[in-house]
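*Asks:* With the sequence up front, the predicted model follows.
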Amino acid sequence: MSDEPIRILHLSDFHMGKDDYGQEVFFPNILNHVAERTEEGKGPELVVITGDIAQSGNSSQYVDFCEQFLKPLKAIIPENSIFIVPGNHDVDRNKAKIVHSYNIIDKYKNFFDPTKEGMELREPLHPRFKAYVDNLDSFAPCDWVTSEKGFHTVRQKCGTINIAILHLNTAWLSADDDEQLKLRLDKDMVSEGLDIFDDADLILVLGHHPLNWLYEGDASKLETLFAKRPVIYLSGHIHKGKGRVIDRGSDSFLTFGCGAGFQAREDDIWVNGFQWYELEPHTGQIHVEPLYWHAEHQEWHLDTRIFPNNRKSPNANFWTYPIPGFIPSVVEPDFSFDLEQDDKLDDKLSPIVNPYNSLKYYDINNVDHFFGRNGPTKWAVEKLVAGFEHSNKQPIVRLEGASRSG
């Protein structure tokens, strides 16, 4: 079974049209970086762009972005690997002004229903997203914004891992820049999207706004939904990287925010950046590498200001988080080594004793429970022992039990 890492590039907030020349000059810095990583064999399997492609939802802004960025990016990365959601600046705020209301769901309870009736209620807002859909749909699925369901689902097979991608529109009711806690996104629409992915190993949920920008009641319900599944929520909007584990009772999920692809020219105090993720299927961990553009050195630098030191991996340029609810793939032990091969012993044993891989031999699926006070007492190591029966070598084995397991 392959344990190659799955690489994901997270981009956001390009604001095309904010500074036409500045953006045209800067975009090659991102494109060249992605090309270099790809040539090194470390290119992305998935590219997610979490909104604010344009500055004001104008058609010409999307045309320029496609020509200057999406077309050359598409030539570098695997086919059908770009996934996009709209942001508040992708809304043409000159359209449908008369029907906009932050409180519309209070009057029309079925406004967000993923049904024909729900779509008809949302239809007066569709012109606000017309330029977004018309210009970007040939690069990534975007017409779902005006569809009956109002969300979009995609399945991607990356190595041995089934990854599901749920696209959400958090900008339905956007009309201003200062609208924290006013934006609405109903639980039932999101729940229907999640239910499609019951068999997924990992669910990437894409939305422009961080969850704490939504109406508090909506955000709380969504957090509960996400925590019951192996979800990573990816967002933009705040123009800086961010990551945290959100706990909901005994369940939890991960959320990561991304810096801005372009918020200012390189000599400004505001820096441009993005994030790489590496998912390790055999450990159930995700490594985060936030980068920002260093104007003086004219190169991408690791941004050490974002994540806490206790998440920093020693002697590595990334921060590591376990993915709650993700079941690591089993790496079968290699029993072909001799006692004399002590120089390679650690490498041989590491897949066996890796704590995340060890979860496969227990009746639980959460690493926090594995190391908790009430660790499991049920050993299920027959699979491990069976490997020895067919080996003509003399292996060295270290068996690790959970705390208080006897």
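*Replies:* Ah, there it is. Residues are numbered from 1 along each chain as shown.

*Asks:* sec struct for the residue positioned nearest the centre of the chain, please.
*Replies:* Nearest to the mean C-alpha position of the chain, by C-alpha atoms, centre = their mean, lies Leu234 at 4.2 Å. Per DSSP: H, G, I helix; E, B strand; the rest coil, the local secondary structure of Leu234 is strand.

*Asks:* Quickly note the distance from it to Phe262.
*Replies:* According to C-beta to C-beta, to the nearest Å, Leu234 and Phe262 sit 18 Å apart. Placement of C-beta: from N, CA and C, glycine included.

*Asks:* ok, back up a step: how about the residue nearest to the centre of the chain, what does it touch?
*Replies:* Residues counted as contacts of Leu234 (C-beta atoms under 8 Å, 6 or more residues apart in numbering) are 10, 48, 50, 204-207, 255-258.

*Asks:* One more: Ser81?
*Replies:* Taking C-beta under 8 Å, 6+ apart as the criterion, Ser81 is in contact with 44-47, 156.

*Asks:* export the residues you listed to a markdown table and tack on distance to Leu183?
*Replies:* Formatted as a markdown table, those follow (distance: C-beta to C-beta, whole Å):
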| residue | distance to Leu183 |
| --- | --- |
| Pro44 | 29 |
| Glu45 | 31 |
| Leu46 | 26 |
| Val47 | 25 |
| Gln156 | 28 |
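
*Asks:* Which of the residues you listed are buried? Put it as a PyMOL command.
*Replies:* The following PyMOL line selects those of the contacts of Ser81 that are buried, judged by 16 or more other C-beta atoms under 10 Å:
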select buried, resi 44+45+46+47+156
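
*Asks:* Among the contacts of Ser81, which lie within helices?
*Replies:* In helices, defined here by DSSP state H, there are no members of the contacts of Ser81.

*Asks:* Using CSV, lay out the contacts of Ser81 together with pLDDT and distance to Val85.
*Replies:* Converted to CSV, these look like this (pLDDT from 0 to 100; distance: C-beta to C-beta, whole Å):
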residue, pLDDT, distance to Val85
Pro44, 98, 17
Glu45, 97, 18
Leu46, 98, 14
Val47, 98, 13
Gln156, 94, 16
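
*Asks:* Looking at the contacts of Ser81, which are in strands?
*Replies:* Judged by DSSP state E, those include 46-47, 156 as members of strands.

*Asks:* what residue ranges in this protein are flagged as low confidence?
*Replies:* Applying pLDDT under 70 to the chain picks out residues 1-2, 330-406.

*Asks:* Let's verify Glu296: helix, strand, or coil?
*Replies:* Secondary structure of Glu296, per three-state DSSP, is coil.

*Asks:* Equivalent analysis for Leu31, please.
*Replies:* helix.

*Asks:* Run through the strands of this structure in chain order.
*Replies:* With strands called from DSSP E, the chain shows them at 6-11, 46-50, 82-85, 152-158, 161-167, 202-206, 231-235, 242-248, 251-257, 273-280, 285-294, 299-302, 319-322.

*Asks:* now, among the ones in strands among the contacts of Ser81, which is nearest to Gln275?
*Replies:* Checking the ones in strands among the contacts of Ser81 against Gln275 with C-beta to C-beta, the nearest one is Val47 at 11.5 Å.

*Asks:* The closest one and Arg7 touch, don't they?
*Replies:* No - using C-beta atoms under 8 Å, Val47 is not in contact with Arg7; the gap is 9.8 Å.

*Asks:* Do I have it right that Thr320 meets Glu289?
*Replies:* No - Thr320 is beyond contact range of Glu289, at 10.5 Å (criterion: C-beta under 8 Å).

*Asks:* The closest residue to Lys242 other than its chain neighbours: neighbour count?
*Replies:* When the adjacent residues along the chain are set aside, Lys242 lies closest to Gly257, with 3.7 Å between them (C-beta to C-beta, 6 or more residues apart in numbering). Residues lying near Gly257 (other C-beta atoms under 10 Å) number 24.

*Asks:* thought Gly257 was touching Ser235?
*Replies:* Yes - counting by C-beta under 8 Å, Gly257 does reach Ser235; the two are 5.2 Å apart.

*Asks:* okay, and the common contacts of these two?
*Replies:* The contact sets of Gly257 and Ser235 overlap at Pro210 (C-beta under 8 Å, 6+ apart).

*Asks:* residue contacts, the nearest residue to His239 once chain neighbours are set aside?
*Replies:* Of all residues not flanking His239 in the chain, Ala260 sits nearest, at 4.1 Å (C-beta to C-beta, 6+ apart). Residues near Ala260 by C-beta under 8 Å, 6+ apart: 12-15, 236, 239-240, 270, 272-273.

*Asks:* Drop anything exposed from those.
*Replies:* Among those, those classed as buried by 16+ other C-beta under 10 Å are 12-15, 236, 239-240, 272-273.

*Asks:* Can you give me the buried ones in stretch 28-45?
*Replies:* Of all the residues in stretch 28-45, those buried under the rule 16+ other C-beta under 10 Å are 30, 33-35, 37, 43-45.

*Asks:* follow-up on the earlier one: could you dump the strands of the chain to CSV with distance to Ile104?
*Replies:* Converted to CSV, the strands of the chain look like this (distance: least, C-beta to C-beta, whole Å):
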stretch, distance to Ile104
strand 6-11, 31
strand 46-50, 24
strand 82-85, 21
strand 152-158, 22
strand 161-167, 21
strand 202-206, 23
strand 231-235, 23
strand 242-248, 27
strand 251-257, 26
strand 273-280, 34
strand 285-294, 36
strand 299-302, 42
strand 319-322, 37
